[in-house]
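A.B. asks: coordinates for the following, if possible.
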Amino acid sequence: MDEVLKYGLLLIGNLIAFSGAWLVSFTEIDKVTKRKRLTKWGRRALPLAIILLVAGFALTILNDRQGAQKALEAQRAAEQRNLKITRLLSESEARDDQMAALLTQLLTQVADASAEPDATLVSNLADSQVVSQLAADDPELAAALNQLEERLGGRGATIERMSQRGVALPAATDDVLIAMHLGLRWFGGNPFRDAEEEIDPITVTALQSIIRGVNADVIAVTEISDVSSFEILIDRLPQYRVVYGERGLGGRMGTAMLYRPDRVRLARQPGTIYGENYRFPRPPQVLSFEFTGQKFQTVLVHLRSQRASDEDPRGSVRREMEVQELLVALDDRPPMPTLILGVLNAPNQWPEFERFREVDARFAGNDLPADATTFISERFGPMVLSDFAALGGLQDKYLDQSIEVISLPDWLGPSWTSEQITERISDHHPIVAAFDFGNLAEP
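C.D. replies: You can find the predicted model right below:
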């Protein structure tokens with residue numbers, strides 16, 4: 001009834017306004033009767049004007065109804081979202097009371113972005129696939145969670161964890177370079193299968209939470225099978241730039257170096273350091289950076305795996321040859337503080353790394369306790385694999401005890417099974433290390 005009254009009053013008002021305007025514009029004095037009358041053009045154009053008036057009125061009603069429909073759809077979408085959240089809260093509460101409390105707090109943060117969040121929230125942001133699915137399904141909520149994560153986590157939280165472990169941090173923590181290796185598991189497709197695999201949003205959200213949660217300055221990423229799938233993740237990390245391996249993604253075992261341009265500067269685009277006779281399928285990626293006005297280079301490697309032949313059961317012979325060629329190639333380059341990071345695929349005590357020890361390389365993994373685990377091997381069981389080797393003067397600036405193993409089960413939470421983690425994320429735990437560039441001397 002309210003709509004009928006509204007449109008009726010609107011029609012009457014339009015008719016009055018139209019009639020008044022028409023009479024003023026198209027009237028004349030009859031010479032015989034001396035009365036006002038419509039002009040010839042006024043009489044001829046009147047039917048068309050009435051049609052236009054009716055059409056305009058109809059368009060007004062249609063536009064009004066469309067606006068009302070959009071508002072109704074938005075209201076229904078909000079109701080659906082609330083129902084989804086309520087359902088998720090109910091499901092998570094049945095499985096995990098802590099998860100329900102977390103979601104409730106997250107919703108509060110979305111409603112009031114100015115509120116000071118609980119400092120423990122960020123450590124639980126990826127505590128369940130429920131949160132990951134919610135963020136994947138709702139871009140608006142995902143953006144709010146990202147803002148919350150930025151406020152609570154990232155570089156500051158990483159530095160704080162180092163401080164709590166007793167790392168002797170310099171006063172100027174901005175001079176600390178944080179590096180991370182993120183070893184994926186065939187991201188974008190299993191190389192032993194023909195078809196590419198679609199990356200699910202939950203996996204992307206989980207990886208995003210790891211990268212943003214650590215917020216390292218440089219991140220070495222290995223086992224990228226499909227660059228278009230990896231770009232889905234990169235699109236959600238606007239603070240990073242990416243440089244792919246110098247020979248592309250051939251062999252479905254590609255590499256990429258992520259770096260924060262607000263923290264480090266890419267000093268030189270990657271160049272080929274090997275000749276045409278290089279024998280191995282995964283050539284290292286070498287990049288030159290500047291940090292605090294000082295140059296250093298990263299060497300992203302993916303050495304031979306432990307899936308080897310009967311003649312070389314653990315691939316040690318092959319890795320020894322790879323290390324030898326790598327050091328020869330680096331020796332031909334100008335001396336520079338060098339960080340070798342990625343998948344070395346063996347403990348640093350194994351004989352294939354004797355060549356590294358000959359050049360006084362510092363393995364960050366030496367700081368890890370005896371019971372630490374960085375890799376789960378189906379054949380050889382849990383072990384500590386080297387992920388960082390510093391040389392060329394950088395080894396003296398490694399911050400003792402700064403090495404941190406990001407336990408994927410602890411980070412992702414109990415809703416991720418071990419099988420899901422190794423199949424969808426990685427069989428390598430992410431590794432973080434830090435270097436003090438405050439007084440780095442050129443070699």
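A.B. asks: for the rest of this, base every contact and every neighbour count on C-alpha atoms.
C.D. replies: Noted.
A.B. asks: would you map the helices across the stretch 201-350 of the chain?
C.D. replies: For the stretch 201-350 of the chain, the helices defined by DSSP state H, counting those that start in this stretch cover 201-214, 227-234, 316-331.
A.B. asks: let me have these in TSV, extended by distance to Phe375 and mean pLDDT.
C.D. replies: Formatted as TSV, the helices of the stretch 201-350 of the chain follow (distance: least, Cα to Cα, whole Å; pLDDT from 0 to 100):
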stretch	distance to Phe375	mean pLDDT
helix 201-214	17	85
helix 227-234	22	86
helix 316-331	17	77
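A.B. asks: deepest-packed of those helices, please.
C.D. replies: helix 201-214 (a mean of 20; mean count of other Cα atoms under 10 Å).
A.B. asks: run the angle between that helix and helix 227-234 for me.
C.D. replies: 50 degrees (axes from the mean of the first three to the mean of the last three Cα atoms, to 10 degrees).
A.B. asks: dump helix 201-214 to CSV, restricted to CA.
C.D. replies: C-alpha atoms of helix 201-214 as CSV (Å, rounded to 0.1, in the frame of the first residue of the first chain):
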residue,chain,number,x,y,z
PRO,A,201,41.7,-21.9,-2.4
ILE,A,202,42.3,-23.4,1.1
THR,A,203,45.9,-24.4,0.2
VAL,A,204,46.6,-20.9,-1.3
THR,A,205,45.2,-19.3,1.9
ALA,A,206,47.3,-21.5,4.1
LEU,A,207,50.5,-20.7,2.2
GLN,A,208,49.6,-17.0,2.2
SER,A,209,49.3,-17.2,6.0
ILE,A,210,52.8,-18.7,6.3
ILE,A,211,54.4,-16.1,4.0
ARG,A,212,52.6,-13.1,5.6
GLY,A,213,53.1,-14.5,9.1
VAL,A,214,56.9,-14.6,8.7
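A.B. asks: name the single longest strand found in this structure.
C.D. replies: Counting by DSSP state E, the longest strand found in the chain is strand 176-187.
A.B. asks: which strands and helices sit next to that strand?
C.D. replies: strand 218-224, strand 338-343, strand 431-436 (3 or more Cα pairs under 8 Å, 6 or more residues apart in numbering; DSSP states H and E).
A.B. asks: residues contacting the first one, please?
C.D. replies: For strand 218-224, the surrounding residues in contact (Cα atoms under 8 Å, 6 or more residues apart in numbering) are 178-188, 230, 249, 252-260, 300, 302, 341-343.
A.B. asks: could you do the last one as well?
C.D. replies: With contacts defined as Cα under 8 Å, 6+ apart, strand 431-436 is touched by 170, 175-182, 216, 364, 374, 387-388, 394, 397-399, 402-406.
A.B. asks: just the buried ones from these?
C.D. replies: Buried members of those, counted by 16 or more other Cα atoms under 10 Å: 175-182, 216, 364, 374, 387-388, 394, 397-399, 402-406.
A.B. asks: report how many residues lie close to the closest residue to Glu290 other than its chain neighbours.
C.D. replies: Of all residues not flanking Glu290 in the chain, Arg265 sits nearest, at 5.1 Å (Cα to Cα, 6 or more residues apart in numbering). Using other Cα atoms under 10 Å, Arg265 has 16 neighbouring residues.
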